[in-house]
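**Q** quick one, what's the 3D model for this:
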Amino acid sequence: MSPGTRGGGQRKTATRGKTCAPQMSEEELLATVCGYFCDEGLTAVEIQKRLNDDHSLEITREKPYQYLRKAASRGWIRFVPPQEHSLERRVRNAYPWLHDASVIPSARTEDVAYRGANMLLELLQQHHGDAEVHIGFSGGTALRMLARRFAELLREPTQHLPSKIVFHALVAGFDVSDPTTDPNAFFTYFVGDPGIPVEMSFVALHAPAMVKADLQLELQNLPAITEAYQRAPEIDVIVTSTSCWTDEHSMLRHYMHLAGESVTELEKAGCLGDILWQPIGANGPFELNSRIRAMTILKLCELSKLIADKKHVLLVAGACHRCNRPKTQVVKAILDQQDHLITHLVTDSLCARQVMRSRSND
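**A** Model prediction:
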């Protein structure tokens, strides 16, 4: 059989005088396709042609899509969201006391969480001279995404890291249908990972998410829980998200309703949302005389004192991961507090635009 002809069910191994490259493994093929797509922006048809021209591989037009999908499912392809620098400048000018602010032009919670993880790494590097740094996590889907990405960043070659990171759970798990939103569950991204060149330790909070108000102090004094409260002053960086009270997916609203508490009373009190599972309104954090309370290591009124002590509070406020509703009302309320509750902000561009528009109308 002459070169360039087919027979016996075998395909040609060389064309136009080229020497055929050795057969690629699946990983090599996926990496090659990803490179053509990400680095050169080639279409599926162009990738098909390049594989033939460069490597004497004949594939169908549908194959590049399948390879890209498989690579994405393995985490080989990742969208890195850009930053909306014009809006960032407007936010920083409007709130000059913020240490840093990032605005992401995306409606996806994942993209805001991705940038939040990068900002957390930058904060961690500011403490590189410290023997150990303590990071406190609130709960929720956005922070679970942030924690996973943060673990990935720690595996990458990075300078100016402390010798040890201590992770604290700031709240108890809230969503009984999704235990991965419990900050205790975030620790699994870091524990026993040989790829992370930093020593890790953890301060968990094993407690109910909501408790009767008259039992809260009693529970805090239990041996399994009291250590988490006693070690709260060690925390250097607090990472939290937020939710709008009018969003039907607010977990605080959901639990207050299940407990028979009056949602109307919270609305009359001016509740706009929550941080660390605690309500906040236009005039700041407040407590209601309710029968149940969230088990939280820190109270919102303590955040401004912690900031005065050179602690950092990173707020990651992407849109609701279920309905994509921006968290404009509660983010503006947080930013407008005279006693500052945060030092760093990451949010989406729709929320930032609405906050700035609302501020100009005040």
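**Q** which SSE is Met119 in?
**A** Per DSSP states H and E: Met119 is located in helix 109-125.
**Q** quick one: distance of that helix to the chain centre.
**A** Relative to its parent chain, helix 109-125 has a centroid offset of 7 Å by C-alpha atoms, centre = their mean, to the nearest Å.
**Q** what does stretch 174-182 give?
**A** For stretch 174-182, the separation from the chain centroid amounts to 16 Å (computed by C-alpha atoms, centre = their mean).
**Q** residues in contact with it?
**A** Here stretch 174-182 makes contact (C-beta atoms under 8 Å, 6 or more residues apart in numbering) with 139-141, 143-144, 169, 172-173, 185, 209-210, 251, 255, 277, 294. Every C-beta, even on glycine, is put in place using the N, C-alpha and C of the backbone.
**Q** take the helix holding Met119, keep the C-alpha atoms, and write them as CSV.
**A** This file holds the C-alpha atoms of helix 109-125, laid out as CSV (Å, rounded to 0.1, in the frame of the first residue of the first chain):
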residue,chain,number,x,y,z
THR,A,109,-21.3,34.2,41.9
GLU,A,110,-18.3,32.1,41.0
ASP,A,111,-16.5,35.0,39.3
VAL,A,112,-16.9,37.3,42.3
ALA,A,113,-15.8,34.5,44.7
TYR,A,114,-12.8,33.9,42.4
ARG,A,115,-11.7,37.6,42.8
GLY,A,116,-12.4,37.4,46.5
ALA,A,117,-10.0,34.5,46.9
ASN,A,118,-7.3,36.5,45.1
MET,A,119,-7.9,39.5,47.4
LEU,A,120,-7.7,37.2,50.4
LEU,A,121,-4.3,35.9,49.2
GLU,A,122,-3.2,39.5,48.9
LEU,A,123,-4.3,40.2,52.5
LEU,A,124,-2.5,37.0,53.6
GLN,A,125,0.7,38.2,52.0
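**Q** quick check: what element follows that helix along the chain?
**A** Next along the chain after helix 109-125, with elements defined by DSSP H and E, is strand 132-137.
**Q** partner strands of that next one, with direction?
**A** Using DSSP bridges, the strands paired with strand 132-137 are strand 164-169 (parallel), strand 237-240 (parallel).
**Q** quick one: mean pLDDT for whichever helix or strand comes after the last one?
**A** Past strand 237-240, further along toward the C-terminus, the next helix or strand under DSSP H and E is strand 243-244. Taken as a whole, strand 243-244 has a mean pLDDT of 94.
**Q** go through the helix or strand just after strand 243-244 and flag the buried ones.
**A** Using DSSP H and E, the helix or strand that directly follows strand 243-244 along the chain is helix 251-258. Judged by neighbour count using 16 or more other C-beta atoms under 10 Å, the buried positions of helix 251-258 are 251-253, 255-256.
**Q** can I get those residues in JSON lines with distance to Gly281 and pLDDT?
**A** Compiled in JSON lines, the buried residues of helix 251-258 are given as follows (distance: C-beta to C-beta, whole Å; pLDDT from 0 to 100):
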{"residue": "Met251", "distance to Gly281": "18", "pLDDT": "84"}
{"residue": "Leu252", "distance to Gly281": "13", "pLDDT": "83"}
{"residue": "Arg253", "distance to Gly281": "14", "pLDDT": "84"}
{"residue": "Tyr255", "distance to Gly281": "18", "pLDDT": "79"}
{"residue": "Met256", "distance to Gly281": "15", "pLDDT": "79"}
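**Q** show me where the stretch 51-200 of the chain has its helices.
**A** Taking DSSP state H, counting those that start in this stretch as the criterion, the stretch 51-200 of the chain carries its helices at 63-73, 85-94, 109-125, 141-155, 183-186.
**Q** contact partners of the first one?
**A** Read that as helix 63-73. 29-31, 33-34, 36-37, 44, 47-48, 77.
**Q** before we move on, the earlier item: closest one to Ser349 among the strands paired with strand 132-137?
**A** Nearest to Ser349 among those is strand 237-240; the distance by C-beta to C-beta comes to 20.6 Å.
**Q** now that closest one: mean pLDDT?
**A** Mean pLDDT, strand 237-240: 98.
**Q** am I right that Leu266 is in a helix?
**A** Yes - assessed with DSSP: H, G, I helix; E, B strand; the rest coil, Leu266 lies in a helix.
**Q** mind listing what it touches?
**A** By C-beta under 8 Å, 6+ apart, Leu266 lies in contact with 245, 253, 256, 279, 288.
**Q** picking that back up, quick one: mean pLDDT for the helix holding Met119?
**A** 97.
**Q** give the contact list for Val112.
**A** 81, 104, 106, 142, 316-319, 346-348.
**Q** low-confidence ranges in this structure?
**A** 1-22, 261-262 (pLDDT under 70).
**Q** now, among the contacts of helix 63-73, which is nearest to Ala131?
**A** Ile77 (37.6 Å).
**Q** ok, that closest one touching Ala31?
**A** No - counting by C-beta atoms under 8 Å, Ile77 sits too far from Ala31 to count as a contact (10.5 Å).
**Q** now do the strands in the chain.
**A** Here the chain has its strands, by DSSP state E, at 100-104, 132-137, 164-169, 199-203, 210-212, 237-240, 243-244, 271-275, 278-281, 284-285, 292-294, 312-317, 344-348.
**Q** alright, calling it a day.
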